[in-house]
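Asks: output the structure for:
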Amino acid sequence: MLLESLIAISTIHMFLEALVRRLVIALGILLSVLGLGGAAASAADDVAPVDVLQVDGLLDHVVANEIITAVERSATNGAQALILQVNSKGSLLTNEEIDEVLVAIDNSQIPVAVWVGPTGAHLLGASAHLLAVADVSGMAPGAKIGALDPRIIAPNAEGAARIAPLAGDIVGLSEARDLGVLDQRISDEGIATIANMLDALNGYSNGVTTLVTTEEVVTEEGTVQRNTIATPRFSKLGLFDQLLHTVASPPVAYLLLLIGLGLLIFEFFTAGVGVAGLVGAVSTLLAGYGIAELPARSWAVALIVLAMVAFAVDVQVGLPRTWTGIGIVLTIIGSFWLFESVPGASLRPTWLSLVAGIGGVILSFTAGMPSMTRTRFATPTIGREWMVGSEGTVVESVDPEGVVNVGGADWRARTNRATPVNAGDTIKVVAIDGVTLEVEPLEGAARDYRR
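Replies: The predicted model follows:
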């Protein structure tokens with residue numbers, strides 16, 4: 001069915017995002033391992049590890065709690081430092097909630113570094129204030145930072161002054177270095193990998209401890225080579241937290257809302273409770289959580305819900321009509337204005353998700369759902385014999401086909417014995433063919449020659 005195609009598109013979209021994220025993580029680990037090649041085993045055993053927490057996506061409650069937990073965990077599990085690998089275009093937190101994160105980092109017992117990576121990563125809006133409290137900060141080539149949220153005041157005055165030039169601009173690596181935003185130990189080439197970030201941390205001192213992450217060795221050819229001797233320990237959100245964090249992204253929350261409501265309507269017009277109803281209920285609940293986390297416009301959400309109600313009116317007669325058109329218009333308006341923007345980023349769903357969502361809804365409710373309804377009511381298990389002999393009113397002229405209202409609902413109809421009936425006339429149901437009623441006028445019907 002076409003609605004299943006919509007589910008497949010959204011699933012593939014999320015799968016590809018997760019696959020790319022995992023490949024980047026694996027590449028970082030591989031490069032880090034390769035950087036350990038020339039180090040002596042005894043030296044590595046004597047050096048404390050460095051924790052690495054990957055922060056990807058909007059800064060929401062799940063991510064904020066994980067950052068605070070990671071700072072506390074790294075201070076007690078033997079790590080000599082914590083690196084936050086960030087790629088975030090904004091925050092969904094209030095100013096007070098962001099302040100809790102910044103204070104936790106600023107008061108950390110061990111150094112906390114912020115690396116904007118890998119290549120192409122962003123750190124924008126409220127999330128960019130992490131740079132103000134970082135002991136060491138670095139960027140990958142091609143990364144972008146800036147568009148600070150003016151409502152946030154960093155707890156570290158020195159750090160706040162350092163990132164102040166980012167208030168109205170989004171800059172790359174070279175501009176950030178020229179503005180003095182990044183740590184001066186960072187090279188002009190930037191920090192391409194976690195192994196390079198570990199090297200940048202070497203020798204940093206916070207007055208209590210001095211970090212030892214790399215060492216210099218002389219090769220047989222007489223050249224000096226820097227080898228990483230501190231083991232990076234990668235961590236990320238747990239499975240359930242990752243689910244909630246993923247749901248709180250605009251494209252996923254948007255698609256889940258359409259899929260959930262669409263599947264609930266599908267289940268309502270099918271006999272029994274099946275997989276579609278369960279998946280629809282779960283999708284709607286997850287979408288509700290995501291929309292609650294995101295700055296969603298309540299009137300836009302209401303428009304999408306009303307659109308589904310409009311679709312349902314025509315689904316019950318198995319014929320797309322005026323209400324289907326109204327539902328399509330409401331869906332388009334609600335989709336484009338569903339989310340408000342945050343400093344640094346627009347939260348409008350991606351064009352891929354908009355095309356998949358709106359296109360899937362149109363195809364489902366103009367072709368898929370009506371076909372399903374006609375098939376369902378064509379089965380002998382529904383039992384609509386009571387309609388035979390019932391009277392109704394013509395909504396659209398039946399000549400030879402049209403629409404009638406019987407029992408308070410509109411039905412597709414065709415004339416019996418080729419006798420046309422006009423809008424407003426009273427008819428009687430003489431037979432049922434699937435979801436199509438065979439009708440005749442109460443008076444003036446053609447006489448059956450067989451009688």
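
Asks: could you find the closest non-adjacent residue to the residue most central in space within the chain?
Replies: The chain has V252 as the residue nearest its centroid, 2.7 Å off, counting by Cα atoms, centre = their mean. Residue nearest to V252 in three dimensions, not counting chain neighbours: T246, with 5.7 Å by Cβ to Cβ, 6 or more residues apart in numbering. C-beta here means a position set from N, CA and C on the backbone, and glycine is covered the same way.

Asks: okay, now the domains of the chain?
Replies: 35-239, 249-377, 385-441 (automatic domain parsing).

Asks: including mean pLDDT, could those domains go into CSV?
Replies: Output for the domains of the chain, formatted as CSV (pLDDT from 0 to 100):
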stretch, mean pLDDT
domain 35-239, 87
domain 249-377, 85
domain 385-441, 83
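
Asks: picking up where we left off before, phi, psi for the residue nearest to V252 please.
Replies: Main-chain torsions, T246, degrees, to the nearest 10: phi -70, psi -40.

Asks: now do it against V62, distance only.
Replies: With distances taken as Cβ to Cβ, to the nearest Å, T246 is found 10 Å from V62.

Asks: try T366
Replies: Distance of T366 to V62, given as Cβ to Cβ: 38 Å.

Asks: what about those two, which has more around it?
Replies: Taking neighbours as other Cβ atoms under 10 Å, T366 and V62 compare with V62 leading, 22 against 18.

Asks: helix/strand/coil for that one?
Replies: Classification of V62 by DSSP: H, G, I helix; E, B strand; the rest coil places it in helix.

Asks: and it, how far from L306?
Replies: Per Cβ to Cβ, V62 is found 31 Å from L306.

Asks: likewise for E391?
Replies: Counting by Cβ to Cβ, the separation of E391 from L306 is 32 Å.

Asks: A157 too?
Replies: Using Cβ to Cβ, one obtains 50 Å as the distance from A157 to L306.

Asks: please say which of the two ends up with more neighbours.
Replies: Taking other Cβ under 10 Å, A157 and L306 do not tie; L306 has more neighbours (15 against 10).

Asks: chain neighbours aside, what residue packs nearest to that one?
Replies: In this structure, L306 finds its nearest non-sequential neighbour in L330, 5.6 Å apart by Cβ to Cβ, 6+ apart.

Asks: tally of neighbours for that neighbour?
Replies: For L330, using other Cβ under 10 Å, the count is 21.

Asks: what's the answer for the one 3 residues further on, then?
Replies: Look at I333: counted by other Cβ under 10 Å, it has 15 neighbours.

Asks: over to the one 4 residues further on?
Replies: W337 has 14 neighbours, counted by other Cβ under 10 Å.

Asks: then S235?
Replies: When neighbours are counted by other Cβ under 10 Å, S235 registers 15.

Asks: that one and A70 touch, don't they?
Replies: Yes. Counting by Cβ atoms under 8 Å, S235 touches A70, with 6.8 Å between them.

Asks: ramachandran angles for the residue nearest to L306?
Replies: phi -60, psi -40.

Asks: list the residues that contact it.
Replies: Shown in contact with L330 (Cβ atoms under 8 Å, 6 or more residues apart in numbering): L303, I304, L306, A307, A310.

Asks: gap between it and N196?
Replies: Going from L330 to N196 by Cβ to Cβ gives 51 Å.

Asks: just T119 next, same as before
Replies: From T119 across to N196, the span is 12 Å (Cβ to Cβ).

Asks: more neighbours: which of these two?
Replies: Using other Cβ under 10 Å, the more surrounded residue of T119 and N196 is N196, with 22 against 14.

Asks: alpha carbons of the helix or strand hosting that one, as PDB, please.
Replies: Using DSSP states H and E, N196 falls within helix 194-201. Only the C-alpha atoms of helix 194-201 are listed here, as PDB (Å, rounded to 0.1, in the frame of the first residue of the first chain):
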ATOM      1  CA  ILE A 194      40.200  12.500  17.600                       C
ATOM      2  CA  ALA A 195      43.900  11.400  17.400                       C
ATOM      3  CA  ASN A 196      44.800  15.000  16.500                       C
ATOM      4  CA  MET A 197      42.600  16.400  19.300                       C
ATOM      5  CA  LEU A 198      44.400  14.100  21.800                       C
ATOM      6  CA  ASP A 199      47.700  15.500  20.500                       C
ATOM      7  CA  ALA A 200      46.400  19.100  21.000                       C
ATOM      8  CA  LEU A 201      45.600  18.300  24.600                       C
END
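
Asks: run through the neighbouring helices and strands of that helix.
Replies: With contacts defined as 3 or more Cβ pairs under 8 Å, 6 or more residues apart in numbering; DSSP states H and E, helix 194-201 has these neighbours: helix 2-34, strand 50-56, strand 81-87, strand 112-116, strand 136-139, strand 224-228, strand 232-235.

Asks: centre of the chain to the last one, how far?
Replies: Translated: strand 232-235. Relative to its parent chain, strand 232-235 has a centroid offset of 25 Å by Cα atoms, centre = their mean, to the nearest Å.
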